[in-house]
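**Q** coords below, sequence missing:
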């Protein structure tokens, strides 16, 4: 039996996955924009990364985090 306090769930939740995917997209777009010397798009990509972090936090508070009521862990 695992202790729910000791096991943080390693981020396997819809909130975590959504945040990571959005932030990864922002980082990749920002890298391309930086290489193409497009500072406006670099800053837009920074904004997308901030939105991704906020989206993960909001989804976690809405119950889609590891210990949220709307989260159902999948068997491995």
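**A** Sure thing, it's come through. What you are looking at is a predicted structure, and each value in this text was computed from that prediction instead of being measured.
**Q** mind listing what the residue positioned nearest the centre of the chain touches?
**A** Compute the mean C-alpha point of the chain, and by C-alpha atoms, centre = their mean the closest residue is residue 19, 1.4 Å away. By C-beta atoms under 8 Å, 6 or more residues apart in numbering, the residues touching residue 19 are 52-53, 55-57, 59. Every C-beta, even on glycine, is put in place using the N, C-alpha and C of the backbone.
**Q** rerun at 7 Å
**A** Contact partners of residue 19, counting by C-beta atoms under 7 Å, 6 or more residues apart in numbering, are 52-53, 55-56.
**Q** quick one: it from residue 27, how far?
**A** Separation of residue 19 from residue 27 (C-beta to C-beta, to the nearest Å): 12 Å.
**Q** and the contacts of residue 19, which are buried?
**A** 52, 55-56 (16 or more other C-beta atoms under 10 Å).
**Q** Against residue 66, how distant is residue 32?
**A** Residue 32 is 32 Å from residue 66, by C-beta to C-beta.
**Q** So if I had to pick from the two, which one is more boxed in?
**A** Counting neighbours by other C-beta atoms under 10 Å for residue 32 and for residue 66 shows that residue 66 has the greater number, 18 against 13.
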